[in-house]
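[1] When you get a sec, could you give me coordinates for this:
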Amino acid sequence: MEQTTTSATDDRTTAPMSPSAFAELTDGILTEVSRVIDGKPDAVRSALVVLLAEGHLLIEDVPGVGKTMLARALAATVDATVRRIQFTPDLLPGDVTGVSVFNPVEREFEFKPGAVFANIVIADEINRSSPKTQSALLEAMEEGQVTVDGRTHPLPDPFLVVATQNPLEMEGTYALPEAQRDRFMMRISMGYPDPAAEVQMLRERDTANPLSALTPVLDARRVRELISWARRVHVSAPVEQYAVALAQATRAHPDLRLGASPRATLQLVRAAKVWAALEGRAFVIPDDISALLVPVFAHRLIPTRATSVRGRGGPDTVTAILQRLIATVPVPLSSGA
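    Residues are numbered from 1 along each chain as shown. Model (predicted):
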């Protein structure tokens, strides 16, 4: 694992990447995943943005709309280590992070890595496990490492958690703690497919599994090169101030008990860099920030008790608040590009 981390650092500083190569590789990923996820280009694009912005993705929706399929399709396009963890009520933190086991031959404890040691970790139905087990991912998602019995073990690079969950109204689910939600760069919903896409799904998936036809578009090294390219996208001071102004507006909003954290602002700008790169630009504009505000901020915000009592405490309320902030917070006249 330590060798992987060292080589990743070298790749980020030396690997060349041209705009045409970036476009070719990212278009290849979008095309390949879209072969499985029909009619959901926004969800596919959001998943790619999170991967290249070094974040983590939370996919929340009702059962059967393709949440796990999107996670598996994204993983299938990358020739890297992939682990799937089925979160159940009896799952233990050690199953996720790993445990120390006594070796009678060497007469010492050995660390046995858990399922989190992979480039892409699919945390399926994450809110069906207890909060204690969910918290096993906190250090991994924030710091890219796991500490067991006082020893720290680095995770592979790149490292991405794609978690799926059902709405809290579904039976047998636990609410994700605020600290856990804040570690997800974006939360997206799949939604039901349109009639044409659903008919196409009936025809194509009756005899074959579409995932079996997917081929890797790039490996972990190329992913690191794409990440390095996206990091170089320029963000001017006015655009940075615009992102901060939006975050501060959520903290002062009378209908919100919990506003956006500084981590949320940082991840918003990182995601905007990738968004701009996918648009073929080497600089971020205010529209990139506003386009990503809802998926990056909404799952972190908590309405006040009074707002919830009035029956306006659901996700639609938070989305409406953010949309009003986009309309009212002054946009910088020049992005400084």
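
[2] Local confidence estimate at the residue most central in space within the chain?
    Central residue of the chain (Cα atoms, centre = their mean): residue 57, 2.0 Å from the mean position. At residue 57, the model reports a pLDDT of 96.

[3] Identify each buried residue in stretch 188-195, please.
    Within stretch 188-195, the residues that count as buried by 16 or more other Cβ atoms under 10 Å are 188-190, 193. For glycine as for every other residue, the C-beta is placed from the backbone atoms N, C-alpha and C.

[4] now these as a markdown table including pLDDT and secondary structure?
    Shown next, in a markdown table, are the buried residues of stretch 188-195 (pLDDT from 0 to 100; DSSP: H, G, I helix; E, B strand; the rest coil):
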| residue | pLDDT | secondary structure |
| --- | --- | --- |
| 188 | 94 | strand |
| 189 | 91 | coil |
| 190 | 88 | coil |
| 193 | 83 | coil |
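
[5] Looking at these, which is nearest residue 67?
    residue 190 (5.8 Å; Cβ to Cβ).

[6] ok but residue 180 is inside a strand, no?
    No: applying DSSP: H, G, I helix; E, B strand; the rest coil, one finds residue 180 to be helix, outside a strand.

[7] quick one: buried residues of whichever helix or strand residue 43 is part of?
    Secondary-structure assignment from DSSP states H and E places residue 43 in helix 41-52. Residues of helix 41-52 classed as buried by neighbour count (16+ other Cβ under 10 Å): 43-52.

[8] Let me know the pLDDT of residue 334.
    As predicted, residue 334 sits at a pLDDT of 64.

[9] what residues go with each domain of this protein?
    Recorded structural domains for the chain (assignment: automatic domain parsing) are 1-10+18-231, 233-330.

[10] Distance check, the closest residue to the residue nearest to the centre of the chain other than its chain neighbours against residue 130.
    Sequence neighbours aside, residue 50 is the residue nearest to residue 57 in space, at 4.3 Å (criterion: Cβ to Cβ, 6 or more residues apart in numbering). Using Cβ to Cβ, to the nearest Å, one gets 26 Å for the distance from residue 50 to residue 130.

[11] ditto for residue 262
    Separation of residue 262 from residue 130 (Cβ to Cβ): 29 Å.

[12] picking up where we left off before, wait, the residue nearest to the centre of the chain touches residue 186, no?
    Yes: using Cβ atoms under 8 Å, residue 57 is in contact with residue 186, at 5.7 Å.

[13] remind me which residues of the stretch 151-300 of the chain are low pLDDT?
    168-171 (pLDDT under 70).

[14] which stretches of it form helices?
    If DSSP state H, counting those that start in this stretch is used as the criterion, the helices of the stretch 151-300 of the chain fall at 178-181, 195-204, 220-231, 237-251, 262-278, 286-297.
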